[in-house]
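Asks: Sequence first, predicted coordinates after that:
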Amino acid sequence: MILLVDGMNLFIRGFVANPSISENGFHVGGVVGFLNSLRNCIEKFKPTDIFVVWEGGGSSRRRSIYPDYKRKSRPQKLNRFYGEDLPDTAENRNQQISMIVDLLRDTPACQIYVPDCEADDVIGYLSRYKFADQKKLIISSDKDFYQLLDTKTILYSPTLKDFVTKKDVLDKFGISAHNFCLAKSLCGDPSDNIKGIKGAGFKTIAKRFPSMSSENTVLIEDIVKVAQEQAQQKRSPKIYSEICLNIEDIKTNWKLIYLDTSCLSSGQIDQIHHIINTFNPRPHKIDMLRKLIQQGIQNIDVNRLFLSFSCVKNK
């Protein structure tokens, strides 16, 4: 089984919630939380390959489609444990990410960073194309990955501390994972500054468009056709007329949310393949120990971490 780790998503969870302080007096909760969570996942799922995918500075293609995409994003605040003695959030965050990247170089985990694209797109490409025929487990709490769920792909949410399968998505939202991207295009995503259709929620979409629960692909045109027919009826729910008035917005949202090759250039895809094909892991426990001591980090069980990596094959 292949482990696809949404690096920033896993990091932020520890960065925000873990109160660990190094002997040097710096907040290192992101580092500690990330490595401990990764170790737990490896011990639990025993993958043969691990790919940690990092954000590449955001998607220039998405910004060209919608300039306000993710404009409201702000650096995460730290755990209130620190009271008023908070370090500079953005600077500390970046230092911790750099530290994790450096530490992972001493492990068999392959790290993927491609400039000017999002980790979501890289994971989407790996899942839908590069490793399409292999079993995959995505580590992330991001609902954008629900659209990738199928018989060979499931998700483990560190936040929920549980798996999310395509059946779970259908049971919770009344919408199949296969059509989840379209549903989200209608509902929007405030975290990415993507505006949805007024009055559209997942329950409403599932109720007004029953076909969204099927494994058949529902197109935007199918939704619009139903909305136009229903909008002509007396006392029809307002959601239908709202959809008719905002067709272009729905199409734009789809382009922003759908995880495929559309937001990756051929050069970026080549980079992904190059990183994977040339990856030559050199696990070095002593080097990691030295780096952790230098940074004043003591609450990482390096022996246990490296023991967990024993299931990962070396190329």
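Replies: Ah, there it is. Numbers count the residues shown, from 1 in each chain.

Asks: How is this protein partitioned into domains?
Replies: 2-172+259-311, 173-257 (automatic domain parsing).

Asks: mind putting those in CSV, mean pLDDT and mean neighbour count included?
Replies: For the C-beta atoms, the positions are set from N, CA and C on the backbone; glycine is no exception. Output for the domains of the chain, formatted as CSV (pLDDT from 0 to 100; neighbours: other CB atoms under 10 Å):
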stretch, mean pLDDT, mean neighbour count
domain 2-172+259-311, 89, 17
domain 173-257, 94, 18
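
Asks: Skipping adjacent residues, who's closest to residue 65 in space?
Replies: residue 255 (5.3 Å; CB to CB, 6 or more residues apart in numbering).

Asks: got the contact list for that neighbour?
Replies: 62, 65, 262 (CB atoms under 8 Å, 6 or more residues apart in numbering).

Asks: Grab the nearest non-local neighbour of the last one.
Replies: Using CB to CB, 6+ apart and skipping the chain neighbours, the partner closest in space to residue 262 is residue 255 (6.8 Å).

Asks: As a check, name the ranges of all helices in the stretch 201-315 of the chain.
Replies: 202-208, 220-231, 238-245, 247-257, 266-277, 285-295, 302-308 (DSSP state H, counting those that start in this stretch).

Asks: you'd agree residue 55 is up against residue 10?
Replies: No - using CB atoms under 8 Å as the test, residue 55 is too far from residue 10 to be in contact (11.9 Å).

Asks: Give me the common contacts of those two.
Replies: With CB under 8 Å, 6+ apart, residue 55 and residue 10 have no common neighbours.

Asks: Where do the strands of the stretch 101-250 of the chain begin and end?
Replies: 110-113, 136-139, 153-157, 162-164 (DSSP state E, counting those that start in this stretch).

Asks: what residues does the longest one touch?
Replies: For strand 153-157, the external contacting residues (CB under 8 Å, 6+ apart) are 41, 45, 127, 135-141, 145-146, 148-149, 162-165.

Asks: any idea how far it is from the chain center?
Replies: The chain centre lies 11 Å from the centre of strand 153-157; the measure is CA atoms, centre = their mean, to the nearest Å.

Asks: For it, C-alpha coordinates in PDB please.
Replies: Output of strand 153-157 as PDB, limited to C-alpha atoms (Å, rounded to 0.1, in the frame of the first residue of the first chain):
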ATOM      1  CA  THR A 153      -8.200   4.800  -2.600                       C
ATOM      2  CA  ILE A 154      -9.300   5.700   0.900                       C
ATOM      3  CA  LEU A 155      -8.500   8.600   3.200                       C
ATOM      4  CA  TYR A 156      -7.400   8.700   6.900                       C
ATOM      5  CA  SER A 157      -8.300  11.900   8.700                       C
END
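
Asks: how much space between the closest residue to residue 141 other than its chain neighbours and residue 148?
Replies: Of all residues not flanking residue 141 in the chain, residue 159 sits nearest, at 4.0 Å (CB to CB, 6+ apart). From residue 159 across to residue 148, the span is 18 Å (CB to CB, to the nearest Å).

Asks: repeat for residue 202
Replies: Plainly put, residue 202 is 18 Å away from residue 148 if you go by CB to CB.

Asks: What of residue 158?
Replies: 17 Å.

Asks: Repeat that for residue 66.
Replies: 22 Å.

Asks: same thing with residue 250?
Replies: Counting by CB to CB - residue 250 and residue 148 are separated by 21 Å.

Asks: Among the strands of the stretch 101-250 of the chain, single out whichever gets nearest to residue 244.
Replies: strand 162-164 (32.7 Å; CB to CB).

Asks: name the helices or strands packed onto the closest one?
Replies: Judged by 3 or more CB pairs under 8 Å, 6 or more residues apart in numbering; DSSP states H and E, the packing partners of strand 162-164 are strand 153-157.

Asks: hmm, back to that, can you lay out the strands of the stretch 101-250 of the chain as CSV showing distance to residue 99?
Replies: Converted to CSV, these look like this (distance: least, CB to CB, whole Å):
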stretch, distance to residue 99
strand 110-113, 13
strand 136-139, 19
strand 153-157, 24
strand 162-164, 29
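
Asks: right, and these - which one's nearest residue 301?
Replies: strand 136-139 (19.6 Å).

Asks: ok, and what's touching that closest one?
Replies: Strand 136-139 has contacts (CB under 8 Å, 6+ apart) with 1-6, 9-10, 41, 45, 47, 123, 126-127, 145, 148, 152-156, 158.

Asks: pretty sure residue 27 contacts residue 91?
Replies: No - in terms of CB under 8 Å, residue 27 does not count as a neighbour of residue 91; the distance is 10.8 Å.

Asks: from memory residue 257 sits against residue 186, does it?
Replies: No - the criterion here is CB under 8 Å, and residue 257 misses it with residue 186 at 10.3 Å.

Asks: Any idea what residue 137 is bridged to?
Replies: Beta-bridge pairing for residue 137 (DSSP bridges): residue 3, residue 154.

Asks: can you tell me how far it sits from residue 293?
Replies: Distance of residue 137 to residue 293, computed by CB to CB: 32 Å.
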